[in-house]
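# Attaching a predicted model along with its sequence, questions to come.
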Amino acid sequence: MGPLPDLVREGAGSRALANLFRQQGLPLAVIDAPASRIPVIDMVELFAGAARATGDHAFGLTVGSRMRPQDFGPWVAAAAAAPTLGSAVPPLVRGVAAFQPDTMHLRIVRDAAQ
(Lines give C-alpha, C1' and ligand atoms only; values in the text may rest on other atoms or scores of the structure.)
Protein backbone atom coordinates (compact mmCIF):
# COMPACT_ATOMS: atom_id res chain seq x y z
CA MET A 1 0.00 0.00 0.00
CA GLY A 2 3.08 2.19 0.15
CA PRO A 3 2.41 5.77 1.17
CA LEU A 4 -1.40 5.37 1.24
CA PRO A 5 -1.71 5.78 5.03
CA ASP A 6 0.48 8.88 5.11
CA LEU A 7 -1.38 10.46 2.21
CA VAL A 8 -4.76 9.82 3.86
CA ARG A 9 -3.47 11.34 7.12
CA GLU A 10 -2.13 14.36 5.22
CA GLY A 11 -5.29 14.82 3.19
CA ALA A 12 -8.03 13.89 5.64
CA GLY A 13 -6.53 13.25 9.08
CA SER A 14 -5.84 10.29 11.35
CA ARG A 15 -9.51 9.81 12.21
CA ALA A 16 -10.36 9.45 8.52
CA LEU A 17 -7.59 6.87 8.15
CA ALA A 18 -8.91 4.85 11.09
CA ASN A 19 -12.45 5.06 9.73
CA LEU A 20 -11.29 3.99 6.27
CA PHE A 21 -9.55 0.89 7.59
CA ARG A 22 -12.48 0.05 9.86
CA GLN A 23 -14.92 0.36 6.93
CA GLN A 24 -12.74 -1.97 4.89
CA GLY A 25 -12.49 -4.47 7.75
CA LEU A 26 -8.72 -4.03 7.97
CA PRO A 27 -6.85 -3.57 11.23
CA LEU A 28 -4.59 -0.52 11.41
CA ALA A 29 -1.80 -2.94 12.34
CA VAL A 30 -1.38 -3.87 8.65
CA ILE A 31 0.16 -0.44 8.11
CA ASP A 32 3.18 -1.50 10.17
CA ALA A 33 3.26 -5.00 8.67
CA PRO A 34 4.16 -4.48 5.01
CA ALA A 35 4.38 -8.23 4.38
CA SER A 36 0.67 -8.60 5.17
CA ARG A 37 -1.31 -10.06 2.31
CA ILE A 38 -4.42 -8.10 1.43
CA PRO A 39 -6.68 -9.47 -1.32
CA VAL A 40 -6.59 -7.34 -4.46
CA ILE A 41 -10.31 -6.54 -4.26
CA ASP A 42 -9.84 -5.26 -0.71
CA MET A 43 -6.89 -3.14 -1.82
CA VAL A 44 -8.96 -1.70 -4.67
CA GLU A 45 -11.69 -0.78 -2.19
CA LEU A 46 -9.12 0.70 0.18
CA PHE A 47 -7.78 2.94 -2.59
CA ALA A 48 -11.31 3.94 -3.66
CA GLY A 49 -12.19 4.83 -0.08
CA ALA A 50 -8.96 6.80 0.30
CA ALA A 51 -9.77 8.75 -2.86
CA ARG A 52 -13.19 9.63 -1.44
CA ALA A 53 -11.76 10.52 1.98
CA THR A 54 -9.08 12.82 0.57
CA GLY A 55 -11.06 14.19 -2.35
CA ASP A 56 -8.18 13.21 -4.64
CA HIS A 57 -9.79 11.61 -7.69
CA ALA A 58 -6.33 10.55 -8.89
CA PHE A 59 -5.36 9.07 -5.53
CA GLY A 60 -3.87 5.92 -7.04
CA LEU A 61 -1.61 8.02 -9.25
CA THR A 62 -0.63 10.14 -6.27
CA VAL A 63 0.36 7.01 -4.35
CA GLY A 64 2.20 5.64 -7.37
CA SER A 65 4.20 8.83 -7.77
CA ARG A 66 5.39 8.52 -4.16
CA MET A 67 6.19 4.81 -4.22
CA ARG A 68 9.81 3.81 -3.65
CA PRO A 69 11.15 0.46 -4.86
CA GLN A 70 11.27 -0.87 -1.28
CA ASP A 71 7.54 -0.10 -0.91
CA PHE A 72 6.81 -2.97 -3.28
CA GLY A 73 8.26 -5.53 -0.88
CA PRO A 74 10.89 -8.22 -0.84
CA TRP A 75 10.06 -9.67 -4.24
CA VAL A 76 10.94 -6.40 -5.96
CA ALA A 77 14.07 -6.06 -3.82
CA ALA A 78 15.15 -9.52 -4.99
CA ALA A 79 14.55 -8.59 -8.61
CA ALA A 80 16.37 -5.27 -8.23
CA ALA A 81 19.41 -7.08 -6.83
CA ALA A 82 19.62 -9.36 -9.86
CA PRO A 83 22.64 -8.84 -12.08
CA THR A 84 20.65 -9.02 -15.34
CA LEU A 85 17.13 -8.37 -16.54
CA GLY A 86 16.78 -12.04 -17.40
CA SER A 87 17.53 -13.05 -13.83
CA ALA A 88 15.29 -10.29 -12.44
CA VAL A 89 12.15 -11.44 -14.24
CA PRO A 90 11.54 -14.76 -12.40
CA PRO A 91 11.27 -13.16 -8.92
CA LEU A 92 8.91 -10.54 -10.32
CA VAL A 93 6.74 -13.21 -11.91
CA ARG A 94 6.64 -15.16 -8.63
CA GLY A 95 5.76 -11.98 -6.73
CA VAL A 96 2.94 -11.07 -9.07
CA ALA A 97 1.60 -14.63 -8.86
CA ALA A 98 1.74 -14.57 -5.05
CA PHE A 99 0.42 -11.09 -4.41
CA GLN A 100 -1.84 -10.46 -7.39
CA PRO A 101 -3.09 -13.79 -8.69
CA ASP A 102 -5.21 -13.63 -11.82
CA THR A 103 -4.60 -9.90 -12.32
CA MET A 104 -1.49 -9.86 -14.45
CA HIS A 105 0.38 -12.37 -16.54
CA LEU A 106 3.82 -12.25 -18.11
CA ARG A 107 4.72 -14.41 -21.04
CA ILE A 108 8.18 -14.38 -22.57
CA VAL A 109 8.19 -15.07 -26.27
CA ARG A 110 11.59 -15.73 -27.76
CA ASP A 111 12.24 -14.46 -31.25
CA ALA A 112 12.83 -17.50 -33.45
CA ALA A 113 15.26 -15.48 -35.61
CA GLN A 114 17.77 -15.16 -32.79
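It's in. None of these values were measured; they are calculated from a predicted model.

# what about this protein, any weak spots by pLDDT?
Within the chain, the segments meeting pLDDT under 70 span 99-106, 108, 112-114.

# how far does stretch 44-61 sit from the chain's center?
Centroid displacement of stretch 44-61 relative to its chain, using C-alpha atoms, centre = their mean, to the nearest Å, is 13 Å.

# Buried residues of it, list them for me.
Neighbour counts over stretch 44-61 (16 or more other C-beta atoms under 10 Å) mark 45, 46, 49, 50, 51, 53, 54, 56, 59 as buried. Where C-beta positions appear, they are placed from N, C-alpha and C, glycine not excepted.

# if we take these, which one ends up nearest to residue 87?
Distance from residue 87 was checked for each of the buried residues of stretch 44-61 by C-beta to C-beta. The minimum falls on residue 46, at 33.0 Å.

# Residue 72 versus the closest one, what's the distance?
Separation of residue 46 from residue 72 (C-beta to C-beta, to the nearest Å): 16 Å.

# now residue 110
Residue 110 sits 27 Å away from residue 72, going by C-beta to C-beta.

# Between those two, tell me which one has more neighbours.
Using other C-beta atoms under 10 Å, the more surrounded residue of residue 110 and residue 72 is residue 72, with 17 against 6.

# Next, count neighbours for residue 3.
Neighbours around residue 3, by other C-beta under 10 Å: 17.

# Roughly how far does residue 5 sit from residue 86?
Counting by C-beta to C-beta, the gap from residue 5 to residue 86 is 36 Å.

# out of these two, which sits in the busier spot?
Set residue 5 next to residue 86 and count neighbours by other C-beta under 10 Å: residue 5 wins out with 19 against 9.

# Correct me if wrong: the more buried one contacts residue 16.
No: Residue 5 lies out of contact with residue 16 (C-beta atoms under 8 Å); the separation is 10.7 Å.

# What residue, apart from its backbone neighbours, is nearest residue 56 spatially?
residue 62 (5.7 Å; C-beta to C-beta, 6 or more residues apart in numbering).

# got it, and residue 24?
residue 46 (5.2 Å).

# Kindly report the same for residue 5.
In space, residue 5 is closest to residue 31, 4.8 Å off (C-beta to C-beta, 6+ apart).
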